[in-house]
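> Structural data only, the sequence is not supplied:
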C-alpha cells in the first residue's frame, strides 16, 4: 500500500507550466474559436508537458530559486507583521468599543 502525501507543493516549475498552458489555450481559442474544446485541452496539456521537460533539462535549479524567493517574502512579511507592535491589538479593542457604544445607545445594557 503506497502512502499518499496529503500536502501539495506548488513548485516554481508547476506555476510556470500552468501559466504557459493557460496562455497557450487562450491564444488557440483566440486564433481559431471554431476548434473543438477537447482538442484545445489536449494541445494545452501537451504544451504543458513539453514546457516541464524543457524546464527540467535547461533550468534544473528553478525550484530552488522559487523556494528561495518564497522563503524571502515569507520572512519579510512575517518580520514586518511582528514589528507592527500594538497595531495587532487595536482592531479587537475597537470592535468591542463599537459594540459597547451601540448597546449603550440602544439602552440594552440594563
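Yep, it's here. In this text the structure is predicted, and so the values were computed from the model without any measurement.
> Run through the helices of this structure in chain order.
Taking DSSP state H as the test, the helices found in the chain are 12-31, 37-58, 62-82, 90-105.
> Columns mean neighbour count on top of those helices, output as a markdown table?
All C-beta spots, glycine's among them, are computed from the backbone N, C-alpha and C. A markdown table is the format used below for the helices of the chain (neighbours: other CB atoms under 10 Å):
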| stretch | mean neighbour count |
| --- | --- |
| helix 12-31 | 15 |
| helix 37-58 | 13 |
| helix 62-82 | 11 |
| helix 90-105 | 10 |
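> looking at the ones you listed, which has the lowest confidence?
With a mean of 82, helix 62-82 has the lowest mean pLDDT of those.
> Check which helices and strands that one sits against.
Under the contact criterion of 3 or more CB pairs under 8 Å, 6 or more residues apart in numbering; DSSP states H and E, helix 62-82 touches helix 12-31.
> orientation of the helix it packs on relative to helix 37-58 in degrees?
Angle, helix 12-31 to helix 37-58, by axes from the mean of the first three to the mean of the last three CA atoms, to 10 degrees: 140 degrees.
> now helix 12-31, how far from the chain's geometric center?
16 Å (CA atoms, centre = their mean, to the nearest Å).
> what angle do it and helix 62-82 make?
Using the same axes, to 10 degrees: helix 12-31 against helix 62-82 is 100 degrees.
> Centroid-nearest residue for the protein?
residue 10 (8.6 Å; CA atoms, centre = their mean).
> Enumerate every residue touching the closest residue to residue 13 other than its chain neighbours.
Closest residue to residue 13 apart from its sequence neighbours, by CB to CB, 6 or more residues apart in numbering: residue 55 at 5.3 Å. Listed by CB atoms under 8 Å, 6 or more residues apart in numbering, the contact set of residue 55 reads 13, 16-17, 62.
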